[in-house]
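Asks: Need coordinates for the following:
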Amino acid sequence: MNLSGLAGVILAAGESSRMGRDKALLPWPPEGPGTILSTAIQALSSACDMVIVVAGKNEANLRPVAYAAGAFLLQNPAPERGQFSSLQTGLHEVLNRGRDSAMVTLVDRPPPRAETLTRLVDAFLGRDHGIWAVVPEYLGKHGHPFLIGREMIEAFLRAPATANAREIEHANQKRVSYVAVDDPLVTRNVDTASDYDSLKSEIRSV
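Replies: Below you'll find the model as predicted:
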C-alpha cells in the first residue's frame, strides 16, 4: 500500500498535562512491547514512504523511540504556540523533503486498523482534481489520520499560527472528501488516564 510521495506526520509536541505522563510513550497495544508512538510510526510507514514526528520539549525522550522505528524527528521550537504550530512545522518539513502530500495524525490517537488506512489511501489516490483532503468519518464524527494534498498543505501554511486545522478545513469544506470507515479508533482520544484505561479494556475485549 506504500504510496511514494506521501509523508506521514505525527504531532507529538504536547505536554500531556492531563495524562500526567507523555502520551507518546504509553504502552501500545496494551500488553505489547511497543508504545503509542512506535505503533503509529509503524502503521503510517505501511502507507507512506517516510514518517516525520514533531516533538516539543519532549524531543530527547521521543528521540530513541522515533529513530528505532525508522522515523525522522523534528522539534517545534515553540510548542507553547499550540498544536497548529506543530502541524505547520511538520508540513514545512514535508515540503522541504520534496513531498507534496501528507497523512497527518495526533499521537494521542491510537493507530487505526490496517484496512482503514488502505481505504483512506485508496480514496486519496482516486479523488477528483478539486478534492484537497480526505478525512475519515465514524458514526458521523470526523477523525484522524487525514490525508492532504499540496493545495491543503499550502492553505495550512498560509494561515496564522493562532488558527486551527478545523477552521481551515471548514473554510475549504467543498474541497474535503469525508470517507465513512468502520473503525472507532479514528475518533478516539487518549487525553487522560481514564481514557487510556477505558480503551485498554475495549481492546482486550475484542
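
Asks: Show me the helices in the chain, by range?
Replies: Counting by DSSP state H, the chain forms helices over residues 36-45, 59-68, 83-96, 114-125, 150-158, 165-171, 193-205, given from the N-terminal end onward.

Asks: Now do the buried residues in the second one.
Replies: For helix 59-68, the buried set under the neighbour-count rule, 16 or more other CB atoms under 10 Å, comprises 59, 62, 65, 66. (Glycine included, C-beta is placed from N, CA and C.)

Asks: Return the residues in contact with the third one.
Replies: In this case it means residue 65. Under the criterion of CB atoms under 8 Å, 6 or more residues apart in numbering, the contact list for residue 65 reads 24, 25, 35, 37, 38.

Asks: what residue ranges in this structure are flagged as low confidence?
Replies: 1-4, 16-18, 20, 203-206 (pLDDT under 70).

Asks: cutoff 80 now
Replies: Counting by pLDDT under 80, the chain contains low-confidence ranges at 1-5, 15-21, 30-32, 191, 200-206.

Asks: Span of stretch 12-27 from start to end?
Replies: Counting by CA to CA, to the nearest Å, the length from the leading to the trailing residue of stretch 12-27 is 15 Å.

Asks: From the chain's centroid, how far away is it?
Replies: 15 Å (CA atoms, centre = their mean, to the nearest Å).

Asks: Start the count at 171 instead of 1 going forward.
Replies: Taking 171 as the first residue, the last one we looked at is stretch 182-197.

Asks: Contacts only, for residue 339.
Replies: In this structure, residue 339 makes contact with 303, 305, 346, judged by CB under 8 Å, 6+ apart.

Asks: Now neighbour count and distance to residue 271 too, for the residues you listed, in a markdown table please.
Replies: Below are the contacts of residue 339 laid out as a markdown table (neighbours: other CB atoms under 10 Å; distance: CB to CB, whole Å):
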| residue | neighbour count | distance to residue 271 |
| --- | --- | --- |
| 303 | 27 | 10 |
| 305 | 19 | 14 |
| 346 | 18 | 14 |
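
Asks: Tabulate these (JSON lines), appending distance to residue 175.
Replies: As requested, these are arranged in JSON lines below (distance: CB to CB, whole Å):
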{"residue": "303", "distance to residue 175": "16"}
{"residue": "305", "distance to residue 175": "19"}
{"residue": "346", "distance to residue 175": "20"}
